[in-house]
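# Coordinates for the following, if possible.
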Amino acid sequence: MSYLHEISASRLPLHDFAHETLQHIVLIVPLASTLLCPIAEQHFPFMTKETNTQIIYVKNLLRSLSYLSIQRLRFLEIILSKLLRSDVHASRQDIIREESSNIEAELVFSLEQLDTNDNNTKGMKHDQADKLDCLMLVMFEYITSTCIENGTVNYEQSKSLFRDLLSVFNRILLPTHDSSHVQFLLFYICSFHTDFSDEFMNNCWRTFVSPSVSMTFRQASICYLCSLIARAKYIIIRSVLNITQLMVDWLHAYVSTTETTSGNSNPNRHLPFYAICQAVLYIFIYRHQEIARLHDGIDIVLKWRIGRILSSELNPLKYSLPAITHRFAQLSRNYQIAFCYSIIETNNRYSLPETFATNDNQNGYLPSNILYSYFPFDPYVLKRSLIYIQSLYNDYKDENDDSNMPKDSDDNDQQDIDDSDDVLTSMMMSTTPGSSDSLDHLPMTTISTSFKNSRNPPSVLPFGRSPGFRNAIN
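Below is the predicted model of the structure:
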């Protein structure tokens, strides 16, 4: 990887002269810094340009921040927006198909089986992925050099950079569907301090409960939240339980409210409920082994009373991804925390048609799987820059390899079902016409409790007003 530092060696004197000149210009005419941002964006190399050209350009933009720190947020927006363009043109599946023809794309969570330790320093076969890999490595190096001094995290500098990246996330990353790798810059910097991961999760929750945010963005925010909790090793298991407890309490309050109201037949009115429910199942799938190792872990999960949520009239298993539904059904049976197969069988017998009405006038339709199902922190498959993520990342482990989990004699009966679903290929995004509700005019309660690593979650559950929401706690 040292070649990245040698690419611009021959041009280094010219670059030094350019930076010295710009620094003097900005010192003499401070307003000149505002002119550099549109120029930097206008002349940013297109993604088809050579890798070396793009690396040199990005490294010099980052270098200029040493004397243009006031423009850092804008420069980060420019750089990440350009990286996103390459990212969406290099999906995980495309990269894997290029890297290995032996990967079974249809297996459940098949990306977990990719050997990420092999040949990490070699280039990528996928052209856009190779360029993105080099640029991500440059960005990781910049974050590391900015935040870490003498092997220790500089909290103030890290906090400032984190807030800039969080702002870029809200403005650029969150609205972008199907990005695969750029968001891992947030994943990485969140590992530097619990305050950063707490703030990122709070940010996602605030977005979710805000009725002024579009439904697509709200569902995307909960996908980011659950994906981070499931994948980040630096979020300890007690915090995972506390955060999931908040979600479960929210679900129970929602179910209790809808049981006393009429007109619950339209699934579009309950998209927030389905998104949160799928998030809880997804988190448990990835962290169940750690939960089981706690002396009171499964007892805590039993107190969630997930069975009541899953068997409610809202029938969340009907709208969750099949891979998640079947995997959780197997785990819940093994741990005896809920019984899902009877619900799944009933849903299969009385499945919805391909489309259903989205409002009372029967004039709009959506696919039967209505959830915005996108897991942004699925496996990182760029070889060079993987070194910054690998030690922080929670890979999926087959529960059959876990000696702490009780075995069920019928587990093999469901293996074919599990192997037939691929979380990634099942993902889809849908808009939500007609999802407004009369409760949206009520004031919103924002979350004020930090997701700190406390052992006692708050007794009062904060949640906002969105279609079908009603405050069950005064």
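# Settle this for me: residue 251 is touching residue 308, isn't it.
No: contact criterion C-beta atoms under 8 Å: residue 251 and residue 308 do not qualify, at 9.2 Å. Just so you know, the C-beta spots here come from the backbone N, C-alpha and C atoms, and that holds for glycine as well.
# quick one: which of the two has more around it?
Between residue 251 and residue 308, residue 251 has the larger neighbour count (other C-beta atoms under 10 Å), namely 26 against 13.
# Point me to the helix or strand that includes the closest residue to the more buried one other than its chain neighbours.
Among residues not flanking residue 251 along the chain, residue 309 sits closest, at 5.1 Å (C-beta to C-beta, 6 or more residues apart in numbering). Assigned by DSSP states H and E, residue 309 belongs to helix 306-310.
# same question, residue 22
Using DSSP H and E, the element containing residue 22 is helix 12-28.
# after that helix comes which helix or strand?
Sequence order places helix 32-42 as the next helix or strand after helix 12-28, per DSSP H and E.
# So which elements touch that following helix?
In terms of contacts (3 or more C-beta pairs under 8 Å, 6 or more residues apart in numbering; DSSP states H and E), helix 32-42 is packed against helix 12-28, helix 72-88.
# one more time with 10 Å
In terms of contacts (3 or more C-beta pairs under 10 Å, 6 or more residues apart in numbering; DSSP states H and E), helix 32-42 is packed against helix 12-28, helix 51-64, helix 72-88.
# Leaving out sequence neighbours, find the closest residue to residue 75.
What sits nearest to residue 75 in space, not counting adjacent residues and going by C-beta to C-beta, 6+ apart, is residue 61, at 5.6 Å.
# Could you tell me how many residues sit around that neighbour?
Using other C-beta under 10 Å, residue 61 has 21 other residues around it.
# pLDDT value on residue 25, please?
On pLDDT, residue 25 comes in at 88.
# now swap in residue 446 and tell me
37.
# again, but for the one 5 residues further on
Taken from the predicted model, the pLDDT recorded for residue 451 is 44.
# Next: residue 346.
We note a pLDDT of 90 for residue 346 in this prediction.
# Show me what whichever strand or helix holds it is packed against.
Assessed by DSSP H and E, residue 346 sits inside helix 341-349. When contacts are defined as 3+ C-beta pairs under 10 Å, 6+ apart, helix 341-349 packs onto helix 306-310, helix 322-335.
# Could I get those helices in a markdown table, plus columns for distance to residue 99 and mean pLDDT?
Formatted as a markdown table, the helices and strands packed on helix 341-349 follow (distance: least, C-beta to C-beta, whole Å; pLDDT from 0 to 100):
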| stretch | distance to residue 99 | mean pLDDT |
| --- | --- | --- |
| helix 306-310 | 38 | 94 |
| helix 322-335 | 22 | 93 |
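# Among those, show me which one is buried the most.
Of all the helices and strands packed on helix 341-349, helix 322-335 carries the top mean neighbour count, a mean of 22, counting by mean count of other C-beta atoms under 10 Å.
# what packs against it?
By 3+ C-beta pairs under 10 Å, 6+ apart, helix 322-335 packs against helix 271-293, helix 297-303, helix 306-310, helix 341-349, helix 415-419, helix 423-426.
# Tell me what angle it forms with helix 341-349.
Interaxial angle, helix 322-335 versus helix 341-349 (axes from the mean of the first three to the mean of the last three C-alpha atoms, to 10 degrees): 150 degrees.
# Could I get the CA-only coordinates of helix 322-335 as CSV?
Taking C-alpha atoms only, helix 322-335 is exported to CSV below (Å, rounded to 0.1, in the frame of the first residue of the first chain):
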residue,chain,number,x,y,z
PRO,A,322,-38.0,-13.8,4.1
ALA,A,323,-34.4,-14.4,5.0
ILE,A,324,-34.7,-12.5,8.2
THR,A,325,-38.1,-14.1,9.0
HIS,A,326,-36.9,-17.6,8.6
ARG,A,327,-33.6,-17.1,10.4
PHE,A,328,-35.3,-15.5,13.4
ALA,A,329,-37.9,-18.2,13.4
GLN,A,330,-35.1,-20.8,13.8
LEU,A,331,-33.3,-18.9,16.5
SER,A,332,-36.5,-18.1,18.4
ARG,A,333,-37.5,-21.8,18.4
ASN,A,334,-34.0,-22.8,19.6
TYR,A,335,-34.1,-20.3,22.5
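# Sketch out the low-pLDDT regions of the chain for me.
Residue ranges of the chain with pLDDT under 70: 1-11, 101-122, 262-265, 351-372, 398-474.
# sorry, back to before: who are the packing partners of the helix holding residue 22?
If you count contacts as 3+ C-beta pairs under 10 Å, 6+ apart, helix 12-28 packs onto helix 32-42, helix 51-64.
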